[in-house]
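> here are the coordinates; sequence isn't available:
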DNA sequence: GCCGAACCGTAACGTACGGTACGGTTCTCC
DNA sequence: GGAGAACCGTACCGTACGTTACGGTTCGGC
């Protein structure tokens, strides 16, 4: 083996390597298609030789980039399930707003496009990594909230996974697929807040226990 | 111009050309990545020269393929809005089941992956075509049903587009993004029927007028 | 100050693939 | 049955890009 090891799955990239991965991300967002090794080397002001020494090959670089972005998104972490309806609503609304913010960000769009393109071929499970750190990670983080709500009698459902998937649908609707397909759809902070509130109210209407949500009016527009 | 015109946007492809486009579709589903002009010519038993004469270039071939598949999907067409709750429920459930069947089909997955990959670059609006014939087409077809339901007092909403987007989310949930990212998720006919019924009941719970849906129980699993 | 490791910049290589050219074959029309 | 168009199969060309190689530079350790 060479003196400098190829970056392993569990290794934390060095600061310089992180800069390279950030260059990949920025290039991915700006150029989309033209994500060549030469372009990455130029953007990151490093040599291609170094790229290959650190990441093995192009797939390794992309995989490291996806992991790097995933680690960054995983930062926020708020469990501590509470027991009153207002806190539950806030918690759900916060999740919804965060999720909408993530999926509508240029970085997420570019990353998902890349992973989806890769899912077409067999090699290197980029799609699996994105799924594990996106859709499934948020599901795992939301589950204790839902189950705490059920134990407090605020929610009624048989399977938390099914309940989460409904929430997921109410929040995301057609946003992600439209953005991925190139639809010019901008979500302002206000729209995200309103959509998050609407989805949360709808979810509570469907899964709320004895307690009824404030008013399920339909005032928000797309 | 050559004797044989390049296939125009409005032209119906000839039978032989349709066979070529079907070859593209099958190749796309089976090989995913390896959609080269040489492979298409081999699969379709035609020469590359013919491909270029008929479709101009690779993008033209892909565009024609997307249009061809879109025309095929657009076959079923059922409006005739009725006025009782049972018919409304059936109509919604039918839409939901059809949509789930479409988005979970290998052809749709491959086609959307291709269009999403293309959306990353600027050239040739494949993503727009897929959106127009998928998401937006079904929205336009469902709108009269929703508005007829509202006029009959069966549904309550301010904006049919917003109502449709909620229905869209309740039906699709995380299915499409998971499939696009390579998750092995198979939907049997029974599961599709149950999911369609669940989504319809949930939608009626949220948007039903004075009439209350039968029982909003939560028995279906994912 | 010297040595070697790490790294930068760039040139070079091999291949895959989009696109073109061309000879041979089939089909159509007269 | 002869001319020409359409088409098949294949060889060919040019380019883009992943990957490798190499000379020059910086930097930490002694």
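Received the coordinates, thanks. None of the values given here were measured: they were computed from a predicted structure.
> alpha carbons only for contacts and neighbour counts from here, please
Will do.
> and residue A:75, what pLDDT?
As summarised for this prediction, residue A:75 has a pLDDT of 58.
> The one 5 residues further on now?
Reading off the per-residue confidence, residue A:80 sits at a pLDDT of 62.
> quick one, what contacts the residue positioned nearest the centre of chain A?
Taking CA atoms, centre = their mean, the centroid of chain A lies closest to residue A:134, which sits 3.9 Å from it. By CA atoms under 8 Å, 6 or more residues apart in numbering or on different chains, the residues touching residue A:134 are residue A:70.
> Relative to residue A:109, how far out is whichever residue of chain A sits closest to DNA strand D?
Residue nearest to DNA strand D within chain A (CA to the nearest atom of the strand): residue A:36, separated by 3.4 Å. Using CA to CA, to the nearest Å, we find residue A:36 at a distance of 18 Å from residue A:109.
> Could you list the residues of chain A in contact with DNA strand D?
Within chain A, the positions near DNA strand D by CA under 7 Å from any atom of the strand are A:34-38, A:47-49, A:52, A:57-59.
> Return a ChimeraX selection command for the buried portion of those residues.
Applied in ChimeraX, the following selects the buried portion of the residues of chain A next to DNA strand D according to 16 or more other CA atoms under 10 Å in any protein chain shown:
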select /A:35,37
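> a markdown table for the residues of chain A next to DNA strand D, including pLDDT and distance to residue B:158?
Output for these, formatted as a markdown table (pLDDT from 0 to 100; distance: CA to CA, whole Å):
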| residue | pLDDT | distance to residue B:158 |
| --- | --- | --- |
| A:34 | 84 | 44 |
| A:35 | 92 | 45 |
| A:36 | 94 | 48 |
| A:37 | 95 | 51 |
| A:38 | 94 | 53 |
| A:47 | 93 | 58 |
| A:48 | 93 | 57 |
| A:49 | 92 | 60 |
| A:52 | 95 | 57 |
| A:57 | 93 | 53 |
| A:58 | 94 | 50 |
| A:59 | 93 | 48 |
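> Out of the residues of chain A next to DNA strand D, flag the one nearest to residue A:209.
Residue A:209 lies nearest to residue A:59 out of the residues of chain A next to DNA strand D, by CA to CA, at 48.0 Å.
> Which of the helices or strands spans that closest one?
Assigned by DSSP states H and E, residue A:59 falls within helix A:58-73.
> Residue A:102 and residue A:45: what is the separation?
Between residue A:102 and residue A:45 the computed distance is 29 Å (CA to CA).
> Compare those two and say which is more crowded by neighbours.
Per other CA atoms under 10 Å in any protein chain shown, whichever of residue A:102 and residue A:45 has more neighbours is residue A:102, with 15 against 12.
> Name the nearest residue to the more buried one, ignoring sequence neighbours.
residue A:108 (6.4 Å; CA to CA, 6 or more residues apart in numbering or on different chains).
> Distance to DNA strand C and secondary structure for the residues of chain A next to DNA strand D - can I get that in a markdown table?
Shown next, in a markdown table, are the residues of chain A next to DNA strand D (distance: CA to the nearest atom of the strand, whole Å; DSSP: H, G, I helix; E, B strand; the rest coil):
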| residue | distance to DNA strand C | secondary structure |
| --- | --- | --- |
| A:34 | 15 | coil |
| A:35 | 15 | coil |
| A:36 | 12 | coil |
| A:37 | 10 | helix |
| A:38 | 7 | helix |
| A:47 | 4 | coil |
| A:48 | 5 | helix |
| A:49 | 5 | helix |
| A:52 | 10 | helix |
| A:57 | 13 | coil |
| A:58 | 13 | helix |
| A:59 | 15 | helix |
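> The residues of chain A next to DNA strand D: which two are farthest apart?
Spatial extent of the residues of chain A next to DNA strand D (CA to CA) is set by the pair A:34 and A:49 at 19.2 Å.
> which residues in chain A form helices?
A:15-31, A:37-44, A:48-55, A:58-73, A:85-103, A:106-120, A:126-133, A:135-151, A:160-172, A:175-180, A:189-207 (DSSP state H).
> so which of these gets nearest residue B:141?
Here helix A:175-180 is closest among those (CA to CA), at 17.9 Å.
> Tell me if that closest one is near chain B.
Yes. Looking at helix A:175-180 against chain B by CA under 8 Å from any CA of the partner chain, the contacts come from A:177-178, A:180.
> What are the contacting residues of that helix?
By CA under 8 Å, 6+ apart, the surrounding residues in contact with helix A:175-180 are A:103-104, A:109, A:112-113, A:185, B:116, B:119, B:131, B:177.
> ok, now with 7 Å
Contacts of helix A:175-180 with the rest of the structure, by CA atoms under 7 Å, 6 or more residues apart in numbering or on different chains, involve A:103, A:109, A:113, A:185, B:116.
> could I get those as CSV with distance to DNA strand C, pLDDT and neighbour count?
Shown next, in CSV, are the contacts of helix A:175-180 (distance: CA to the nearest atom of the strand, whole Å; pLDDT from 0 to 100; neighbours: other CA atoms under 10 Å in any protein chain shown):
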residue, distance to DNA strand C, pLDDT, neighbour count
A:103, 30, 96, 19
A:109, 24, 96, 24
A:113, 19, 95, 29
A:185, 30, 95, 11
B:116, 16, 95, 29
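> for chain A, what are the low-confidence residue spans?
Scanning chain A for pLDDT under 70 picks out the ranges A:1-11, A:74-82, A:210-222.
> ok, 90 please
Filtered on pLDDT under 90, chain A yields the residue ranges A:1-16, A:31-34, A:70-84, A:120-125, A:208-222.
> That one against DNA strand C: which residues are in contact?
A:3-4, A:41-42, A:45-50.
> quick one: residue A:130 from residue B:109, how far?
The spacing between residue A:130 and residue B:109, counted by CA to CA, is 17 Å.
> same check, this time on residue A:202
Counting by CA to CA, the gap from residue A:202 to residue B:109 is 29 Å.
> got it, and residue A:136?
Using CA to CA, residue A:136 is found at 20 Å from residue B:109.
> cool, residue A:116 as well?
Distance from residue A:116 to residue B:109, counting by CA to CA: 10 Å.
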